[in-house]
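# Would you be able to build a 3D model of this:
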Amino acid sequence: PAVARIVATVILYFATGLSITGGYHRLYSHTTYKTNPVVEAVILFFASMSVQSSALRWSFEHRLHHAYVDTDQDPYSINRGFWYAHILWLFKKPAEIDRKVVADLAKNPLVAFQHKHYLACMLTSNIIIFLFVGWLLGDYLGAFVLSWWTRLFMLHHSTWFINSLAHFWGTQSFSQEQTAVDNYIISLLTFGEGYHNYHHTFANDYRNGIRWYHFDPTKWLIWALNKMGLAHGLKKVNHYHIKERRVSARKNETLEKIAESFESRKEELTAYISKASETICVNLARARKLVEEYTKYKKTKQASAEILKQLKTEIKAVKRTIREDWKTCQEFSKHIMNGKDPIQQ
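Take a look at the predicted model:
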């Protein structure tokens, strides 16, 4: 049936796509978590089906991308044009792999095997699945057209969108120093990789979407593997550090707009946003310290119930202050970005 063919194609699309985002990207390129050889073998099998080169080659180029983003040394720099970042970079002769960049991966026997025998791995994995789906559905032509080639077409563009659209269309809540952007729609097309501004700011976090409502199936997969005891060492950026980065990014964005549109009031407006941002960061540091103190006392049971209650009250108070100050800061910034003087409103 047509429905069965489509379901098989979608399942394989996600299996191969998540093997790239969860395997090539977050496991190998950024080592945001660790897993066992069995899970690695499964990842590499489906990643080989994706026809996106070996894990060693993919990770080498991706690490260069992060190290030299938006420069001529970036393998798929968006500054060379949308279509170059999306697909045309693939027609350029690839640079020889510098083993120093991927020394850790070169020592991995499974990664090394896949790299050495990549063509065989790619053909074997695709042929096995094609024959299995064809036998299962009794339709080898449908399996060839949909489960193999249509899947590859969709998967390749999904991956390339991370290099092109995710550096082109969206917002920059964490960093304006480079072109990466966050975009919920792009996350739907890229297995959760659309929160790219966050990723380029905190590349060692196993998550891209940090909110519960962010669409990030790659994060959910890694989390599920961890709960099943199949993944460990998940790296996660501290909540307060993330917030500090957002405050800094908003401050820098606002300062640029002030310098551009409020020359006569530049000094006063600059002083206001700088002071407001500094106050929030001071309170964030205080909240982090209080939480650490509360956690330490609770674990070691060195504090009385009264002390713990007092610490909890202080934490709630400082968090409330942070929320209020952040709201005020956002309103100030919103007025500035709209070309209005917030102090005179």
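
# got a pLDDT number for the closest residue to Trp160 other than its chain neighbours?
Using Cβ to Cβ, 6 or more residues apart in numbering and skipping the chain neighbours, the partner closest in space to Trp160 is His86 (4.7 Å). Just so you know, the C-beta spots here come from the backbone N, C-alpha and C atoms, and that holds for glycine as well. On the pLDDT scale, His86 is placed at 97.

# residues in contact with His86?
160-161, 163-165 (Cβ atoms under 8 Å, 6 or more residues apart in numbering).

# Out of those, flag the one nearest to Leu105.
Nearest to Leu105, judged by Cβ to Cβ, of those is Asn163 at 20.4 Å.

# so what pLDDT did Val318 get?
What the model reports for Val318 is a pLDDT of 96.

# which ones are touching it?
Contacts of Val318 (Cβ under 8 Å, 6+ apart): 283, 286-287, 290.

# any idea how far it lies from Lys298?
Distance, Val318 to Lys298, by Cβ to Cβ, to the nearest Å: 18 Å.

# cool, and Phe130?
Relative to Lys298, and taking Cβ to Cβ, Phe130 is found at 55 Å.

# Tell me which of the two has more neighbours.
Counting neighbours by other Cβ atoms under 10 Å for Phe130 and for Lys298 shows that Phe130 has the greater number, 18 against 13.

# so that one touches Trp148, yeah?
Yes. Proximity of Phe130 to Trp148 meets the contact threshold set by Cβ atoms under 8 Å, at 5.2 Å.

# which regions of the stretch 101-250 of the chain lie under the pLDDT threshold?
Along the stretch 101-250 of the chain, no part satisfies pLDDT under 70.

# Just the strands from it, written as ranges.
In the stretch 101-250 of the chain, the strands defined using DSSP state E, counting those that start in this stretch lie at 231-232.

# Which residue ranges of it form helices?
Using DSSP state H, counting those that start in this stretch, the helices found in the stretch 101-250 of the chain span residues 103-106, 109-116, 118-137, 140-142, 151-163, 184-189, 196-201, 217-227, 239-261.

# Could the C-alpha coordinates of the fifth one be exported in PDB?
If I follow you right, that is helix 151-163. Output of helix 151-163 as PDB, limited to C-alpha atoms (Å, rounded to 0.1, in the frame of the first residue of the first chain):
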ATOM      1  CA  ARG A 151      14.700   9.900   1.400                       C
ATOM      2  CA  LEU A 152      18.200  10.900   0.300                       C
ATOM      3  CA  PHE A 153      16.900  14.000  -1.500                       C
ATOM      4  CA  MET A 154      14.900  15.100   1.500                       C
ATOM      5  CA  LEU A 155      17.700  14.300   4.000                       C
ATOM      6  CA  HIS A 156      20.400  16.100   2.100                       C
ATOM      7  CA  HIS A 157      18.400  19.300   1.900                       C
ATOM      8  CA  SER A 158      17.500  19.000   5.600                       C
ATOM      9  CA  THR A 159      21.200  18.900   6.500                       C
ATOM     10  CA  TRP A 160      22.200  21.600   4.000                       C
ATOM     11  CA  PHE A 161      19.600  23.900   5.500                       C
ATOM     12  CA  ILE A 162      21.700  24.000   8.700                       C
ATOM     13  CA  ASN A 163      24.500  25.500   6.700                       C
END
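
# Check the helices of the stretch 101-250 of the chain for me and report the most buried one.
Greatest average neighbour count among the helices of the stretch 101-250 of the chain goes to helix 196-201 (a mean of 24), per mean count of other Cβ atoms under 10 Å.

# This completes my enquiry, with thanks.
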